[in-house]
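Trainee: the following comprises the amino acid sequence and a computationally predicted model.
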Amino acid sequence: MSDFPLLSAMIFTPAAGAGLIILARQGMRQESPAQDGVMRAIALVATLITLGLNLWVLRAFDAQASGFQFVENVPWAPPFAYHVGLDGLSLSLVLLTTALMPLCILASRTITKRVASYMALFLILESTMIGVFSALDLILFYVFFEGGLIPMFIIIGVWGGANRVYAAFKFFLYTLLGSILMLVAMIAMAVMAGTTSIPELMRFSFAPQVQIWLWLAFFASFAVKLPMWPVHTWLPDAHVEAPTAGSVVLAAILLKMGGYGFLRFSLPMFPDASAYFTPMMFALSVIAVIYASLVAFRQTDMKKLIAYSSVAHMGFVTMGIFSGNTLGVQGAIFQMISHGIISGALFLCVGVVYDRMHTREIAAYGGLVNRMPVYAAFFLLFTLGNVGLPGTSGFIGEVLTMTGAFTVNAWVALGAALGMILSAVYALTLYRRVTLGVIENPKLQNMLDLDGTEWALFVPLAAAALLLGFAPHYVLEFTKAAAGVVVDGYSAALAAR
Amino acid sequence: MIELAILFAPAFAAAVAGLFQKPLGDRLCMALTTGLVLLAAGLSLYVFADLTWGGGQDRVIAIAPFVDVAGFTSNWSIRIDTLSAVMLVVVTSVSALVHVYSIGYMAQDPHRARFFSFLSLFTFAMLALVTANDFLQMFFGWEGVGLASYLLIGFWYHKPSANDAAIKAFVTNRVGDVGFALGIMACYLAYGTIAFDKLFAAIAANPHAGFHFEFLRAMGIHAALNAPALEVIGVLLFIGAMGKSAQLFLHVWLPDAMEGPTPVSALIHAATMVTAGVFMVCRVSPIYELAPFAAGMITITGAATALFAATVGLAQNDIKRVVAYSTCSQLGYMFFAAGVGAYGVAMFHLFTHAFFKALLFLGAGSVIHGLHHEQDMRQMGAVRRAMPLTWAAMLIGTLALIGFGLPGTSIGFAGFFSKDAAIEAAYAAGASGRFGGQFAFWASIAAAFLTSFYSWRLLFMTFEGKFRGAAHGNGHGHEQVHGHNDHAAHAEAAHAPALAAGAAPAHESPLVMLLPLGVLAFGATFAGMAFAGLFVGAGAPGFWNGALALAHGEAAHGHHEVPVWVVWAPLVVTLVGFVLAFLIYGLRAGVGAWIAKATGPLNAFLVHKWYFDEIYHVVWVNGAKGLGDLLWKGGDKRLIDGLGPHGAVAAMRLGARNLRRAQTGYLYHYSFLMLLAVVAFGAFALWTTGRLGG
C-alpha cells in the first residue's frame, strides 16, 4: 500500500466538495436555476469521487485479516490523536454510506430552495458519517458522531415539512441527551485508561462496577440513535418532516451509528456489563419488534409507517448483537446493511409519489399500478424485502439474528419471530392500499410512471437487495473477521470472569 | 446439467416474460414460458425414469454457496433422489399442463404475460423447494411459492376480494412459516447443522438430545425441564406444514385463495404448493420416526382436517370452493398417512391427487369458462349436454377422488389405490396401538362417505337436471371484466337462438383447454394401477431407496394384513354417499334446497365453515388493530411523548413560570430566601459533621 492517505481522502472529499460549493456560492450574486445545477453537479461529482475512492479501498482491503487496515495515526494533542482505520464492520457501513449518497443527491432534484446550502450540508453530513465509522479515537469519534447531528438538524429544520421545527427539536433533544452522557463517560474512560485510542481501549479491562456506568452512558446515546423502544418517538416525526433524501440518510445510515456503537464500544469494552444487561436488551428488542410492528399497522401516513417498521427492524439488530455469538453479530451487521438498502429504497418510493401528489396520506392513494406498473414492481420488491422474504437481503439478517438469539434464549427468538408475521401484515396492507385496486382519487389519473432519474435510483438498490438476498455469503465472508474479533473478545472476557 | 436446466428453465422464462412483457408481447411470452416449462417437464420425466429404471444414482449438484456462518451452512444445490424426482415430475408436468390450459383460459386477459411469468416463477420456487438439500434452501422455496401464491391470488388486482384473499393467504402462511423457521433453528441448536444428510446422521448418532429450559427453573417450575429435541423440532416443523398445506386452524386461507384464476387453483392450490407440507414431513421422516408425539400430532391433525373439510364441503355452493375443501380434506389423508409412518402412502396419495385434483379444478374452470364466469352451482344445471367432454373429465376426476375400484383386485381409479392404502395404514397403525391410528381410521371412513356425497352433489348440481341460471342475455358474466366480456357476448350470440328450454347456455371449451384435461384424465385413471407397486407395493423399498424412513414396512403396504371388512368399508360408504346424493340432488330439483332449509342452524354452521373466519376476524384482525391503536395513541403519544419530551418541556415551562413569579422585586423576599438558604446550608453542614463525628 502506498503512503497516500486514502481513508482521509475518502473522509474529506465530501467536505471539500462542500467547501467548493460555498466558495462558488460566494462568487455568485443570486440564486438561479443554472447555478443550482452547478451546485448539484459539484455535489454529485464529490459523492461519486468518494464512492470511487471507497471502491479502491475495497479492492485493496484484505478481508481475511483481523484488525484495522488503512490506519492513519497522527498525534494531535496527546493523548488525543487523529486516528482512523477500517475493519470489515466499518468498511461495510462506510460503503453503504458512500453508495447511497450519490442516490440521495439525485433524489434531491425536487429541492429548489437554497440548493447550495442544502448540498453543502449533505456533503458535510457524508464526511461526518464516514468519519464516525472509521474513527479510532474516542474524541474523534465523538466529534464526528455529534457533528452529524447539526447538518441533519438543519436539513430537517429548513427543508422539512409543515411541522419541521417541532420534529427538528425533538430529534435534537433526544440525541443530545444521549450524547452528553456519552461524553461524560468518554472523559471518564480517558482518565481511567490513560488513552483515547479505541483499539487500546478494546484491550483495556475496566472494573465491572465501572463498566455498568460506562455501559449505561453509551447505551443512552446508542439507544436513542438506533432507536430502541421506548426512546424511538423522535424517529417517526423526524422522518415525516424530513425531505426525501434526509429520510433516506436518516434511516439508512444515521440509525446504524447506534448499532455500530454497540458493536465497537459496548461489547468489546464493557463485556461484563453487556452480559449483565443482556436480558434487558433482549426484552427491549422483542418489545421493539412487536410494539413497533403493531403501531406501524395502524399508521395513516406512509412515512410514519416505514419509520415504525425501521424501529422493528432495528430490534433484530440489538437482539443479534446481544446474542453475543457469531450468528447474532454477523446477522446484526447484515441486517444493518440490508435495512440501509431497503428502508432507503422505501423512503425513495414514498418520495416518488410525494413529488407528484404532495401528500403522504395512504388514503389519498390506491390503484397506482394501473398508471405506474414499473413503480408498482419496484415498490413490491422493496416491500417484500421489508417483509424479509427469502431471496431478498431482509431475510438473511432476520434469520441469522433470530438463530443467534435462539441458541441463547429460544423465547426471545419466538418473540421476534412474531415480527415476521406482523411485518407481512403492515407491509402488504400498505402496498395494497397504495398500489392495488382501482384508481378512485381523480388526481391520480394523470400520474406518470418512473422517469429516467427514478429508474437510476431504483435499479442499483433493487440489484443490491436481490444480490445480497441470493448471495449473502460474500458479504458475510467480508465481515467475518471483524465479527470474529467482537465475538471472540466478548466470550474470552466472559470466560475470564 | 439436466438438473440445472429443469430448475432454471422456468426461472429464466419467468424473468424474461416478467421483465420484457412489453417488447416481447403476450404471444411470445406465453410461448416462451409454456415451452420452457414443457421442456422442464420432459427432462423431469427423464430424470425420474433414469432413477427408477435406468440405474441413475441419487446425487446432489452443488451450485453456489448461500450462507455459511458458524455451522449454519446452506448451499444452493439440487438434490436428486426418488422423493425429489417424484415431486419434479408432479410439479413440472402439472405446471406444463396448466400453462397450456391457460393459453385458452386466459385468452382474453390483457395481462396474460404477467400471468404466465408468475406461473413460471411459481414453478421455479416449487422446484427449488423440492430439490433443496438443506433447510434454508427449502425455506427459500417455501416462502417463494408463498409469494407466487400471493401474486396469483391477487392477480386480478382491481378486485378487493382478491387483494384481501392474497394478503390472508400470505399472512396465514407466515404464521406457519414462523413455526417452520423456529424448527430450523431448533435443528441447528440441537444438532449444529441444517443440511439434511448431516442432520439425519447426527440424529442417528444422538436421537435423545434434549432442550433444557433453565428459565423455568428460575420461575420455580421444576417439571418438564428437559424436552426431547426431536419432538420440539417435529412439532415446530409441522406447524409450518399446517400453514402451507391448509390444515385445521391454519386452513382459512385456502378457500379464499379461489379468488385467483382457476388454473392457479389447479396448479398451486390443489396439485403442488399445498402438498409441500406433506413433502416436507416425508423429507424429514427420520425425525418423525423418532418423535412419536409429533407424529401423533400429525395423525390427529390430518384426520381431523380430513373430516372437518369434508363436512364443510357438503354445504358449499361455489363450485371451486367445494373442490377447495375437498383438497383440504385430501391433504388431511396424506398427513395422517405420514403421521402413522406410511410415508410411501402419503407420497403416493400426493402423486395421484395431483392428477385428479388438477383435473377437477381444470374441469371446474372449463365449466366456469363455458358459463361465462358463473361459479355458483345453484345457477348451473344441465351443462352435460353442452359440455360433454368436460363432463367426462369431471366424472373421471370424481371417480378417482372418491377412490372407486374393486377391492381385492388391481383395478380402479388412481385414488382407489392411494386413498384406500391410507385408510388401511391408519387401521393397521391403530391395531398395533400407534397413537391416533384408530381415530384416523374412523375419521377417514366418515370423510370418505362425505367425499363421495359432496362430489356427486357437485356433478348432479352442475351437469344434470335443468338449467337454473339467469334467463339468457340477462347479463351473467357481464360484471366480469378481463376481456371475457367480448368473449361472452360472442359466445352468447352464437348459440342464443338454438337453446331449448332448460338447456344451459354454455359452450364446450377450446381444444387447448381440453387437451390438458385429457392428459390428466388419463393420469387419474391409470396412475394408481401403474405405480401402486412401486410407491406402496412390494417394490417400495427399492423404489424409495432410502429417501423415506420406511421403518414400518407393514404400514407401507397394508393391503395384506388388514381384515376384509376394512378393505371393503371405503367402497361401501362411497356407494352409500352416491345413493344419497342421487336421491337428494339427482332425482328431483329442490330436495337439496329443502333439506338445507330444514336443517337451518346445522346448515348455517356448515355454510359458514364452522365460523372460523368470523372468529379469527374478531380475535386476530380486530385484536391487532385494537392493540396497535392502543400502543400508538396510548403508548407512544400519551405515555412516552407525554412523560418524555412533552413532559420535559411542560415541566420546564412550569418551572420557568414559578421562577419568574419568584422574581418579585421586593427586597424582603430576597433576604428571606437568603436566610432560608443560610439555615439550610448550616443544617446540612452540622448533619454531615455529626455523621463524620459519629
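Mentor: Yep, it's here.
Trainee: secondary structure class for residue A:67?
Mentor: Following DSSP: H, G, I helix; E, B strand; the rest coil, residue A:67 is assigned to coil.
Trainee: which parts of chain A are strands?
Mentor: In chain A, the segments counted as strands under DSSP state E are A:69-77, A:80-86.
Trainee: out of the ones you listed, deepest packed?
Mentor: strand A:80-86 (a mean of 22; mean count of other Cβ atoms under 10 Å in any protein chain shown). Bear in mind the C-beta positions are built from the backbone N, C-alpha and C, glycine included.
Trainee: ok, residues contacting it?
Mentor: A:7-8, A:11, A:57, A:61, A:68-76, A:94, A:131, A:133-137, A:139-140, A:196-199 (Cβ atoms under 8 Å, 6 or more residues apart in numbering or on different chains).
Trainee: just the buried subset of those, please.
Mentor: With burial judged by 16 or more other Cβ atoms under 10 Å in any protein chain shown, the buried subset of the contacts of strand A:80-86 is A:7-8, A:11, A:57, A:61, A:68-70, A:72, A:94, A:131, A:133-137, A:139-140, A:196-199.
Trainee: which stretch among the strands of chain A comes nearest residue A:239?
Mentor: strand A:80-86 (29.3 Å; Cβ to Cβ).
Trainee: can I get the closest one in PDB, CA atoms only?
Mentor: C-alpha atoms of strand A:80-86 as PDB (Å, rounded to 0.1, in the frame of the first residue of the first chain):
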ATOM      1  CA  PHE A  80      -5.900  12.700  21.600                       C
ATOM      2  CA  ALA A  81      -4.900  11.800  18.100                       C
ATOM      3  CA  TYR A  82      -6.200  11.800  14.600                       C
ATOM      4  CA  HIS A  83      -6.500   8.100  14.400                       C
ATOM      5  CA  VAL A  84      -8.600   6.400  11.700                       C
ATOM      6  CA  GLY A  85      -8.800   2.900  10.300                       C
ATOM      7  CA  LEU A  86     -11.200   0.300   8.900                       C
END
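Trainee: tell me what angle that strand forms with strand A:69-77.
Mentor: Counting by axes from the mean of the first three to the mean of the last three Cα atoms, to 10 degrees, strand A:80-86 lies at 170 degrees to strand A:69-77.
Trainee: for strand A:80-86, what is the average pLDDT?
Mentor: Mean pLDDT, strand A:80-86: 89.
Trainee: report the distance from it to the chain centre.
Mentor: 22 Å (Cα atoms, centre = their mean, to the nearest Å).
Trainee: leaving out chain neighbours, which residue sits closest to residue A:368?
Mentor: Distances taken as Cβ to Cβ, 6 or more residues apart in numbering or on different chains place residue A:435 nearest to residue A:368, at 4.5 Å, with adjacent residues excluded.
Trainee: so what's the residue count around residue A:59?
Mentor: 7 (other Cβ atoms under 10 Å in any protein chain shown).
Trainee: next one: the one 5 residues further on
Mentor: Residue A:64 sits with 10 neighbouring residues when counted by other Cβ under 10 Å.
Trainee: what sits against it?
Mentor: Applying Cβ under 8 Å, 6+ apart, the residues near residue A:64 are residue A:481.
Trainee: chain B versus that one, what's the distance?
Mentor: Applying Cβ to the nearest Cβ, to the nearest Å, the value for residue A:64 to chain B is 15 Å.
Trainee: phi first, then psi, for that residue.
Mentor: phi -80, psi -30 (degrees, to the nearest 10).
Trainee: can you check the one 4 residues further on too?
Mentor: Dihedral angles phi and psi of residue A:68 (degrees, to the nearest 10) take the values phi -90, psi 150.
Trainee: surely it meets residue A:200?
Mentor: No: Residue A:68 sits out of contact with residue A:200 when judged by Cβ atoms under 8 Å, with a separation of 11.8 Å.
Trainee: what kind of secondary structure is residue B:537 in?
Mentor: Under three-state DSSP, residue B:537 falls in the coil class.
Trainee: near it, how many other residues are there?
Mentor: As a burial measure, residue B:537 scores 18 neighbours (other Cβ under 10 Å).
Trainee: again with the one 5 residues further on
Mentor: Counted with other Cβ under 10 Å, residues neighbouring residue B:542 total 10.
Trainee: how about the one 5 residues further on?
Mentor: Summarising burial for residue B:547: neighbours were counted as other Cβ under 10 Å, giving 23.
Trainee: quick check: pLDDT value at it.
Mentor: With respect to pLDDT, residue B:547 has a value of 86.
Trainee: that one in helix, strand or coil?
Mentor: Relying on three-state DSSP, one would call residue B:547 coil.
Trainee: by contact count, what packs against the longest strand anywhere in chain B?
Mentor: Looking across chain B with DSSP E, the single longest strand is strand B:59-69. On a contact count with 3 or more Cβ pairs under 8 Å, 6 or more residues apart in numbering or on different chains; DSSP states H and E, strand B:59-69 meets helix A:326-357, helix A:393-408, helix A:472-495, helix B:2-19, strand B:72-80, helix B:135-153.
Trainee: if you set the cut-off to 7 Å instead, what comes out?
Mentor: Contacting strand B:59-69 under the criterion 3 or more Cβ pairs under 7 Å, 6 or more residues apart in numbering or on different chains; DSSP states H and E are the following elements: helix A:326-357, helix A:472-495, strand B:72-80, helix B:135-153.
Trainee: and the longest one, anywhere near chain B?
Mentor: Looking back up the chat, that one is helix A:326-357. Yes: using Cβ under 7 Å from any Cβ of the partner chain, we find that helix A:326-357 touches chain B at A:326-327, A:330.
Trainee: for that helix, list every residue counted as buried.
Mentor: A:326-354, A:356-357.
Trainee: how much space between the spatially most central residue of chain A and chain B?
Mentor: Against the mean C-alpha coordinate of chain A, by Cα atoms, centre = their mean, the closest residue is residue A:253 at 2.3 Å. As judged by Cβ to the nearest Cβ, residue A:253 and chain B stand 24 Å apart.
Trainee: that residue contacts residue A:340, doesn't it?
Mentor: Yes: Residue A:253 lies in contact with residue A:340 (Cβ atoms under 7 Å); the separation is 6.4 Å.
Trainee: what residues do the two have in common as contacts?
Mentor: A:96, A:100 (Cβ atoms under 7 Å, 6 or more residues apart in numbering or on different chains).
Trainee: burial count for residue 416?
Mentor: In the absence of a named chain, chain A is used. 26.
Trainee: think we crossed wires, I meant chain B
Mentor: With other Cβ under 10 Å as criterion, residue B:416 counts 27.
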